[in-house]
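J.: Coordinates only, no sequence provided:
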């Protein structure tokens, strides 16, 4: 689609949602009809193919310095758990690729959570409990341990400019975030 409409594969698909602030003027070369055709084809590709989206949202208003690591661990562990179940049910193996970022505490925490999940398994409970956030750390001790057998690599970081799937994932996650924020 990039080649068909913009004559390049270099375009970052983030511009689909930021088309009015297009620094390289890719969209300026499309008239309104072509712009709508691209959008229709692109969203049809996302919505009608056999894609699976696993999302975990964190309410930013509830983040404090004290609970930030626990919240990120919980959200990321949920994604790993769902991904493990998905891969296991299909008999597939997979890995997790994340958009690269500046080395910061959140990234280090995600990497540590991922490695620990591969090494020791994830703390999970198949029964959904309504647990107040401040009690989650104590309650996680009663959860069971899920071995990660179908995720086969450490967390991989790539620049989304080099990976179309990360670009599409970014568009989907931005839409989910916009819906709930």
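T.: All right, it came through fine. Please read all numbers here as calculations on a predicted model, not as lab measurements.
J.: For residue 78, see how far away residue 40 is.
T.: Relative to residue 78, residue 40 is positioned 33 Å away (CB to CB, to the nearest Å). Heads up, the C-betas are built off the backbone N, CA and C, glycines and all.
J.: Secondary structure element holding residue 157?
T.: Taking DSSP states H and E as the criterion, residue 157 maps to strand 156-158.
J.: Now that strand: buried residues?
T.: Neighbour counts over strand 156-158 (16 or more other CB atoms under 10 Å) mark residue 157 as buried.
J.: Residue 40 and residue 78: who's more crowded?
T.: Higher neighbour count among residue 40 and residue 78: residue 78, with 16 against 10, using other CB atoms under 10 Å.
J.: In contact with that one, which residues?
T.: When the contact criterion is CB atoms under 8 Å, 6 or more residues apart in numbering, the partners of residue 78 are residue 56.
J.: For it, identify the helix or strand it belongs to.
T.: According to DSSP H and E, residue 78 maps onto helix 68-90.
J.: Could you check how far that helix is from the centre of its chain?
T.: On the basis of CA atoms, centre = their mean, to the nearest Å, helix 68-90 sits 11 Å off its chain's mean C-alpha point.
J.: and if you look at stretch 48-57?
T.: Chain-centre distance of stretch 48-57: 9 Å, with CA atoms, centre = their mean.
J.: What is the end-to-end distance of that stretch?
T.: 24 Å (CA to CA, to the nearest Å).
J.: Tell me which residues are up against that stretch.
T.: Residues from elsewhere that reach stretch 48-57, judged by CB under 8 Å, 6+ apart: 75, 76, 78, 79, 82, 83, 86, 172, 173, 176, 177, 180.
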